Structure formats: structure tokens, C-alpha cells
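Visitor: prediction below, plus the sequence it came from.
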Amino acid sequence: MLHVTAVTAALAAAAARIVRLLPDRRFGGGPGAVVLRAAGDHVELSAGDGELSVRLRVPALVHEPGSAVVARRAVADTLGALDAPEVVLAVEGSRLALRAPGARFALPRLDAGANPVPDLPPPSGTVDGAALRAAVLPVAGAASREHALPIFTGVRIRSRGDHLSLLATDRFRLAVAEVPWEPAAGAIDVLVPAAALAELARQAAASPRVGLHAAGDRLGVVTDDGSVLLAALGGAYPDDQLDRLLAPVVEAVVEVEADALVAAVSRAAPYGGPHSRVELRTGDGGLAVHGSDPLAGESEEQVKASVRGDRVARVFKARLLLDAVRPFAGRTARLTVQGGLRAAVVTGDPGPDGVDLRYLVVPMRLADPS
């Protein structure tokens, strides 16, 4: 029953990836478990909690096929602490032993029924891993972290011909990204948890091609070494409201080097009081970045920029503005200022990965205490 030899670093990396995707989750009150299954020329690690499930394959020398279920954090911590190049895993009665030269660790085996992992839906298409990461991370960052309204904690993914559209909002900001992809069969329209999708995109970034599998309320993400299946959140965004938000009523357009604006806003934020308010004011040939608070003091900095349209002044929460501008690092960011308290739109030319990102940030009222 399960006797294998594997490269310690590869096995430890797979176990750590599972812990990051399923940090402290439980299914049906049971422990956070992982199934190790040895067959052929690899050992597969699988885990699930009803909302997210993972299967990862690690090359191994299989002396005897079989399986064992252990606590996933315990096996990840044990493997991560080993410095031996190879590790032997073997079932010994009610325990799974991990052996390295001069050392042995034995983990209690758990009930296999506590770890259901569903099959993947049919394939829908493929996308470049680095491009997927570039699109997902800024969009997922715009999702809410408040679970009272689950619809705002997710990223909506839709297929549109040869592009995927990703969208998220927390009601104070909204991010939309378009990323090229190669459709295979079937359309995608699913709302999945933003935090899990962001971690998954980070892990898949090194893959030349990432497969997406969608059906109903499930989205599967497949790389060369395994797969992750996400359960969808309920609900979707009303399309008519989105179209209205994404059609700006322009008062002024500011083109500025993203890195310069990020640096200036970061320096002004400590002077913006407890809520880090930062005011942007357009002028002749530039953009003034201003922070002011009776207790914190005052700062003002001029950033070189190209300005078209009316003279405008808007106040933003520094953190939200920085989240909107940082994805355009190394490029020119375009800030479209709308009338009144309508959201400002941050855009830029698509990057080398073909990702087209739009970020909307709602300005603050001067007397707004939030």
C-alpha cells in the first residue's frame, strides 16, 4: 500500500500549493485532508472542501501503488522542513511514514470519505498563463472582502469570441480586463470567488497554456501538473448597468507615467489623514497631487502629465487609486475624469501580453467621513 520515492522539493511545492488554495477549510466538519495516490510514474495529491478542489501530479518512482489520506497542513509543513533531496512515503499500518536519510516522520491516516474531489467539466478553451495572471490580479483586487453580499466577492468570467472578459467590483471601484484566448467548445459565463482565483492565477502564471473547463456552476483550471475546480457564486451582474458605467462622460483626460503617479500618491498618502485622502488637480502641463490633514500636515507635488479638457479636482482614497494605477507599471496611464462624483476611469494601452484593463474608482466627497 503506497510506497514511493519522490523529489522532496517537488512534493513539498505541490503540498504547499494545496495549503495556499485551501488554507484552513473544512468539509463536513472533518479535518483539512489531502489524498496521496500513487500509480504509474507519479503520485497525485488531491483535496477539496465542496467549494474548491485540487489535483496535482508529482513525478515519482512508484514501488507499490496505493493511497493514503493525511492532514494537508501537517504533510506540507513536514515536507517543507526537509532538506534531503529525496523522500520516501510509505503506508505503515494506521500511519503514513515520510523517510529521509537519518529521519522518519509518521502522520496519522484519516478517513478517505472526508475528501471528495469532483471530475472536471468539458474543456472550453485555453489562455496564456502569464496573461491570465496579468488580467486576474488587478480585477480580483477590486472585489469586495465583505461576505454579506457574496456577488461582490467574485470575479465574473465571460467568453467573447477570441477574448475572455473578467470583471469585479466592490461598489466603490470596478475593474474589467480583456485577455486573448483560444476557444474550443462552449461558452463561459461564471462568477467565481476572487481570492481563490487570484491565488490560482499566481500558481498558473508559469504555464504556457492554461486550460479552462466550464459547465453550469463550475470552472476548472488545468495546467501541465494538475487541475483546480472552483464552484461558482450565485447571481450575476446586470449587463445594462455595466454598459452605463463603462461609457464615460468626459470632463478631462490626463495621460501620465503610471510609476510617477504611484510614487507621488504614495508620498502624499501619509498626509491625507486617517483615511489617506489624496486630491488630484489638473493644471497647465501637469497634475498636482495634494495631501492635507489638520493633524498630519500637508504635501503637494507636481507630476508631469498631458492634460486635455477642463480643469478638474477630485479626491480619492489613496489605496483605491494606487490599486487602479499600479497595474500599468512601466507604461502611460490614462485617467479619464467624469462629471460630479461619477467614477474616474483608468486605462492604458494593452501590454505585451495583450491584456486590456479598465479600472473605475469612485471619488470621495470632501465631507465624506468614510
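Guide: Ah, there it is.

Visitor: buried stuff in the top helix by length along the chain?
Guide: Determined from DSSP state H, the single longest helix within the chain is helix 8-21. Using 16 or more other CB atoms under 10 Å as the test for burial, helix 8-21 gives 8-19, 21. Every residue, glycine included, has its C-beta placed from N, CA and C.

Visitor: so which one among those residues has the lowest pLDDT?
Guide: The lowest pLDDT within the buried residues of helix 8-21 belongs to residue 21, with 90.

Visitor: pretty sure that residue contacts residue 55?
Guide: No: counting by CB atoms under 8 Å, residue 21 does not reach residue 55; the two are 11.3 Å apart.

Visitor: how about residues contacting the helix or strand that contains residue 230?
Guide: Using DSSP states H and E, residue 230 maps to strand 226-231. With contact meaning CB atoms under 8 Å, 6 or more residues apart in numbering, strand 226-231 is reached by 14, 21, 44, 48, 50-57, 117-118, 120, 192-193, 196-197, 200, 213, 217-221.

Visitor: now a ChimeraX select for only the buried ones of these.
Guide: Buried members of the contacts of strand 226-231, defined by 16+ other CB under 10 Å, are picked up in ChimeraX with:
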select :14,21,44,48,51,52,53,54,55,56,57,117,120,192,193,196,197,200,213,218,219,220,221
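
Visitor: which ones among the contacts of strand 226-231 are found in helices?
Guide: Filtering the contacts of strand 226-231 for helices - DSSP H - leaves 14, 21, 196-197, 200.

Visitor: burial measure for residue 365, as a count.
Guide: 9 (other CB atoms under 10 Å).

Visitor: repeat that for residue 302.
Guide: 13.

Visitor: hmm, residue 286 and it touching each other?
Guide: Yes: because the distance of 5.0 Å satisfies CB under 8 Å, residue 302 is recorded as touching residue 286.

Visitor: ends of stretch 152-171, how far apart?
Guide: 8 Å (CA to CA, to the nearest Å).

Visitor: pLDDT weak spots in the stretch 101-250 of the chain?
Guide: Low-confidence segments of the stretch 101-250 of the chain, defined by pLDDT under 70: 112-116, 235-248.

Visitor: what ranges do the strands span in it?
Guide: Per DSSP state E, counting those that start in this stretch, the stretch 101-250 of the chain carries strands over the ranges 103-108, 123-127, 154-160, 163-169, 173-180, 182-183, 189-193, 210-215, 218-223, 226-231, 250-257.

Visitor: which one, of these, ends up nearest to residue 89?
Guide: Closest of the strands of the stretch 101-250 of the chain to residue 89 is strand 103-108, at 9.8 Å (criterion: CB to CB).

Visitor: parallel or antiparallel, list what pairs with that closest one.
Guide: With DSSP bridges as the test, strand 103-108 is paired with strand 95-100 (antiparallel).

Visitor: would you mind listing the buried residues in the partner strand?
Guide: Applying 16+ other CB under 10 Å to strand 95-100 flags 96-100 as buried.

Visitor: surely residue 271 touches residue 289?
Guide: No: the pair residue 271 / residue 289 is not scored as a contact, 10.2 Å apart, by CB under 8 Å.

Visitor: quick check: neighbours shared by those two?
Guide: Here residue 271 and residue 289 have residue 299 as joint contacts, going by CB under 8 Å, 6+ apart.

Visitor: between the two, which one's more packed in?
Guide: More neighbours surround residue 289 than the other of residue 271 and residue 289, with 25 against 20 (other CB under 10 Å).

Visitor: list phi and psi for the nearest residue to the more buried one once chain neighbours are set aside.
Guide: Counting by CB to CB, 6 or more residues apart in numbering, residue 264 is the residue found nearest to residue 289 once chain neighbours are left out, at 4.2 Å. Residue 264 adopts backbone torsions of phi -70, psi -40, taken as degrees, to the nearest 10.

Visitor: do you know which of the strands of the stretch 101-250 of the chain lies nearest residue 330?
Guide: Nearest to residue 330, of all those, is strand 250-257, at 8.8 Å by CB to CB.

Visitor: now do the SS call for residue 350.
Guide: coil (DSSP: H, G, I helix; E, B strand; the rest coil).

Visitor: tell me the contacts of it?
Guide: Residue 350 sits in contact with residue 356, where contact means CB under 8 Å, 6+ apart.

Visitor: now the spatially most central residue of the chain: closest residue in space that isn't a chain neighbour?
Guide: Geometric centre of the chain, nearest residue: residue 198, 1.2 Å, by CA atoms, centre = their mean. Distances taken as CB to CB, 6+ apart put residue 140 closest to residue 198, at 4.0 Å, once the chain neighbours are dropped.

Visitor: that neighbour touches residue 197, doesn't it?
Guide: Yes: judged on CB under 8 Å, residue 140 makes contact with residue 197 at a distance of 5.7 Å.

Visitor: joint contacts of those two?
Guide: The contact lists of residue 140 and residue 197 share residue 155, where a contact means CB under 8 Å, 6+ apart.

Visitor: phi, psi of the closest residue to residue 343 other than its chain neighbours?
Guide: Closest residue to residue 343 apart from its sequence neighbours, by CB to CB, 6+ apart: residue 360 at 4.0 Å. Dihedral pair for residue 360: phi -110, psi 130, per degrees, to the nearest 10.
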